[in-house]
Every structure is written in C-alpha cells, then in structure tokens.
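Participant: What follows is a predicted protein model with its sequence.
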Amino acid sequence: MPELPEVETVVRDLRPALAGRLVTDVEHGDKRLRHPWDPSWGEQIIGRKIATIERRAKWIVICFSPAAALLVHLGMTGQLTVQPTECSLADHVHLRLQLDGGVDLRFRDIRRFGGAEFLGERISWEERLLESCLGPEPWDLSEGIWLQKIQNTTRPVKSILLDQKTISGIGNIYADEALHKAGIHPQTPGKSLDKTAGVGLLLSARTVLEEAIEGRGTTLRDYVGGSGLKGSHQFRLAVYGREGEPCTSCREKVRRIVISGRSSHFCPICQPIAGRKRGGKRVIP
DNA sequence: ATGCAGTCCTGTAAGC
DNA sequence: TGCTTACAGGACTGCA
C-alpha cells in the first residue's frame, strides 16, 4: 500500500527513465477508476513531452511540455512502471502512455482505488491539490501549527495522522510506526498530548518516513517501485503487521486494535495510554 | 463543525 | 476439493 516513501521511490525511479520523452499514443481501459477518464484526455496528452516528475504527499505529478500535468494516485495497489512497448500487457493495466524510444509508462491497479486525472492549461497541479485541501507534508508542517491542530481535538491521534488535510503522506503503516517510535498509544486523544509528546510525534513521523525512503519503501504485497523492484523496509517495521510478535524494543507482545475502521498495531509497554509517561524505551540488543 | 461509519474494489487466506 | 466469508485500506460521501 503506497504511502509517501513508496511514492517517492516510484518517482525517483521514473525520473531518469521518462524525462524528455515524447508521448506518441495513449490508451485507457474501460474500467472506472477513482477519477473517471475523460475520453478527450488521451488526444490532449499525445504530442507533449514529459518535462519533470514531481511528488506531493502520495500524489505523482507528471508534468508535460507544453504545460499540462497528469496527476496519478496509486491508491492501495497501484503500480506505475516503465516497460518496453513490446512487453505484453499484464492484467489490470488501465492506462498506457506510449513514448518515443520504444518504452511505455503503464498504470496498473488491481483494486482500482487509484486513478489518474489530466490537468490542462486551465489549472496547475499545485492549485488542484490545494483545492482538494491537501495538507502539508511532515517536513513542511511547523511544530506550532501541528500542536495547535492536535491539541484542538479529541480525535485519537492515530486518526489525526491519517487525515491528509491535517498532515499528508502518512498511511496506516507509517502512522503505527511513528506512534511506536514516539512512545504514544494510538488511541490517545489529540488534546491529551503535551508539547513534548506532540513535537516528538511529528519528529518521529519525519524520521520514520525518511528511513523508509532509504529502504525504497515497504513491500507487503503489491507495491513495486517505478523500475518494478520491491522495497525492503518491511524488514524494519517495529509494530505494523506484527500482532502477537515481540516488540523490537521491549519484547512485549505487539497488540492490534481497530481505530476508525483501521488496524492499529502498538506495544502496550512502550506506548502506554495517555497520561502515563515512561522514560526512554528499553532496548534489548 | 466535527467525527465516525459506510463505500468502493479484488486477491488472498482462513474456515467449514 | 470447493465454497463462503473476512480482511486489507486511501479517500471520499453521508449521516448523526
């Protein structure tokens, strides 16, 4: 399930493979994705060159010349890869951009939670994402504004981390990992976090995402980078998907509960319920 | 205004 | 063996 680190890996892989290439043909399947595909978009994309590939939170932005952009969201199972044009199409490929040089950019998405939206000259991709109220990424969110946001609500802190309007780029895996690193129970109400805990959580989120980017993201099932390679960060997860296994810090069994319909993994020793603070985590080599 | 539950979707795995 | 059921969750909608 691609979150910010996985999307960043895809974008880093795609850049050298796509920059400067001319789009010679566009094909779209008939299955409905997150955004319905306007039949006129293909014709509008053909003849443009790919200028740059950007990333904003979990969105991939393919910027064309002359100016226009294709916004892509990978959803749960989306894959955006570059392949030789002659390669046979896999199942669930919904969008195919044929490029000069004999390569394709293909969007494949089994569960179809992802999708692509073409933006012409009318609106820039920055404006489009601003319009959808996408919040800042953890590095661009000031400690002051973050504290103000979390201390103003009783929502469980896990839900706040997943709220893309408040802080963007974090999904279920890295929310659990950030809370574990910060030693905060996922059900803690936002307003119960003091300044130290709140700032600690923001810093933990940044660190967890940075480490995952270094590991080319987390591959649990479907995720692959832009070159088709899997990530490696799944081997470094402390709590996510490890229910019943020992905590990497204290060996207590990792628990799983459901918060706003999402699995939440945590260590009951390292992440006590709000109010009770511990010292540093016990680290067992 | 806020926060929660329901919805979409399909492959996988567990249970009978 | 073959069927049914539960589960995974990002982002959106609708309701309380």
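Facilitator: Structure received.
Participant: Skipping adjacent residues, who's closest to A:G101 in space?
Facilitator: Leaving aside its sequence neighbours, A:G101 sits nearest to A:R21 (C-beta to C-beta, 6 or more residues apart in numbering; 6.0 Å). Every C-beta, even on glycine, is put in place using the N, C-alpha and C of the backbone.
Participant: What's the per-residue pLDDT of the one you found here?
Facilitator: Turning to A:R21, the model gives it a pLDDT of 98.
Participant: Give the full set of residues in contact with it.
Facilitator: Going by C-beta atoms under 8 Å, 6 or more residues apart in numbering, A:R21 touches A:49-50, A:99-101, A:103.
Participant: The same query, at a cut-off of 6 Å, please.
Facilitator: Contacts for A:R21 (C-beta atoms under 6 Å, 6 or more residues apart in numbering) come out as A:50, A:99-100.
Participant: List buried residues within the residues you listed.
Facilitator: A:50, A:99 (16 or more other C-beta atoms under 10 Å).
Participant: Residue of the stretch 1-150 of chain A nearest DNA strand B, please.
Facilitator: Using C-beta to the nearest atom of the strand, the closest approach of the stretch 1-150 of chain A to DNA strand B is made by A:R111 at 3.6 Å.
Participant: Name the nearest residue to that residue, ignoring sequence neighbours.
Facilitator: Nearest one to A:R111, counting by C-beta to C-beta, 6+ apart, is A:T77 at 4.6 Å.
Participant: Check A:I170 too.
Facilitator: A:L161 (5.1 Å).
Participant: Can you show me the helices along the stretch 101-250 of chain A?
Facilitator: Assigned by DSSP state H, counting those that start in this stretch, the stretch 101-250 of chain A shows helices spanning A:125-131, A:143-150, A:157-162, A:172-182, A:195-214.
Participant: Of those, flag the one that's most buried.
Facilitator: Highest mean neighbour count among those (mean count of other C-beta atoms under 10 Å): helix A:172-182, with a mean of 25.
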